[in-house]
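> predicted model and sequence below, questions to follow.
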Amino acid sequence: MSGSIDPSAKIDPRAIIDPTAVIAANVEIGPWTIVGANVEIGEGCRIASHVVLKGPTVLGKNNQIFQFSSVGEDTPDLKYKGEPTRLIVGDNNVIREGVTIHRGTVQDRGETVIGSNNLLMAYVHIGHDSVVGNNCILVNNASLAGHVIVGDWAILSGYSLIHQFCHIGAHSFAAFGCHIGKDVPAYVMVSGSPAEAKTVNVEGLKRRGFSEPAIAAIRQAYKIIYRRKLTVDEALVKLDELAAEHPEVAPMAESLRTSSRGIVR
């Protein structure tokens, strides 16, 4: 990989930049930051001081990374033997102080993926081969083990702990200190240790412009899953019928259909 630095980039002379790094226009890099081999930094990114970026890693546009974060490091997973796995990060993400994000393993997808418009607060950890969608908020010290998938608009409150291979559904909400060992369906609020389903994330849906009929249908879907004592197959029949009239219910049905660990109860 041949490196390049756009002339408009502002790089503190105390930063260390590997010659293979690619740095786009209007990037800012602070002092004592290390940009390692095979790192690509997109236009308009701002990297504070004391950040470590290792590759292969690709950052999109207008990302902010705050001090003491470690982004794109090798995973400590014992399966990892130094293979050139990747980290892919989208646009407009805010990565606050002390965040750690590991690259993937060849035994899974081979890359960790962060979407766009996410807020990762201080000391969040994203484990290897995880996928975080768009517009998510991970509050201080929330941690994803390896192979976790987080859907769009999900919120994980402080000190949430997510077991490996769990799926966190779109628009879901995990309360402070949740320990999540099973899949969380789309739209569902969970709390506790171990986490239990409590209700629908109604306030979040209202903020994102869901209509009252759509929210009512999602509430009905929640009751089908959690209140009627149906098997998963029986619940899916009812959910599919409801989704035919209210497509917003479809992600909830898909959460059940694709779950490999079972859902929180």
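Looks like it came in fine. Numbering: from 1, shown residues only.
> mind listing what Asn62 touches?
In this structure, Asn62 makes contact with 42-45, 91-92, judged by CB atoms under 8 Å, 6 or more residues apart in numbering. In short, each C-beta sits where N, CA and C put it, glycine included.
> between the residues you listed, which has the most around it?
Cys45 (24 neighbours; other CB atoms under 10 Å).
> residues in contact with that one?
Neighbour list for Cys45: 24, 27-28, 59, 61-65 [criterion: CB under 8 Å, 6+ apart].
> mind doing that once more with 6 Å?
27, 59, 63 (CB atoms under 6 Å, 6 or more residues apart in numbering).
> mind checking the SS state of the residue lying closest to Val249 once chain neighbours are set aside?
Using CB to CB, 6 or more residues apart in numbering and skipping the chain neighbours, the partner closest in space to Val249 is Ala243 (4.1 Å). Here Ala243 is recorded as helix under DSSP: H, G, I helix; E, B strand; the rest coil.
> just the pLDDT for Ala243.
The confidence metric pLDDT takes the value 97 at Ala243.
> distance of it relative to Leu256?
Going from Ala243 to Leu256 by CB to CB, to the nearest Å gives 12 Å.
> do Asn26 as well
Distance from Asn26 to Leu256, by CB to CB: 45 Å.
> neighbouring contacts of stretch 231-245?
221, 224-225, 249-250, 253, 256.
> buried ones in the strand or helix carrying Ile225?
Using DSSP states H and E, Ile225 sits in helix 212-226. Across helix 212-226, burial judged by 16 or more other CB atoms under 10 Å covers 215, 217-218, 220-222, 224-226.
> which neighbouring elements make contact with it?
The contact analysis (3 or more CB pairs under 6 Å, 6 or more residues apart in numbering; DSSP states H and E) places helix 212-226 against strand 196-200, helix 232-245.
> the more surrounded of Asn26 and Leu256?
Shown here are Asn26 and Leu256; by other CB under 10 Å, Leu256 has more neighbours (21 against 16).
> state the phi and psi torsions of that one.
phi -70, psi -40 (degrees, to the nearest 10).
> contact partners for it?
Leu256 is in contact with 232, 236, counting by CB under 6 Å, 6+ apart.
> how much space between it and Val232?
The value you get for Leu256 to Val232, if CB to CB is used, is 6 Å.
> ok so, going back, and which of the contacts of stretch 231-245 is nearest Tyr80?
Leu256 (32.3 Å; CB to CB).
> ok, and the closest non-adjacent residue to Met83?
Careful, residue 83 is Glu; it's not Met. That would be Val106: by CB to CB, 6+ apart, it lies 4.7 Å from Glu83.
> what's near enough to touch the spatially closest residue to Arg109 that is not a sequence neighbour?
Distances taken as CB to CB, 6+ apart put Asp129 closest to Arg109, at 5.2 Å, once the chain neighbours are dropped. The neighbourhood of Asp129, defined by CB under 6 Å, 6+ apart, consists of 104-105, 108-109, 112, 146-147.
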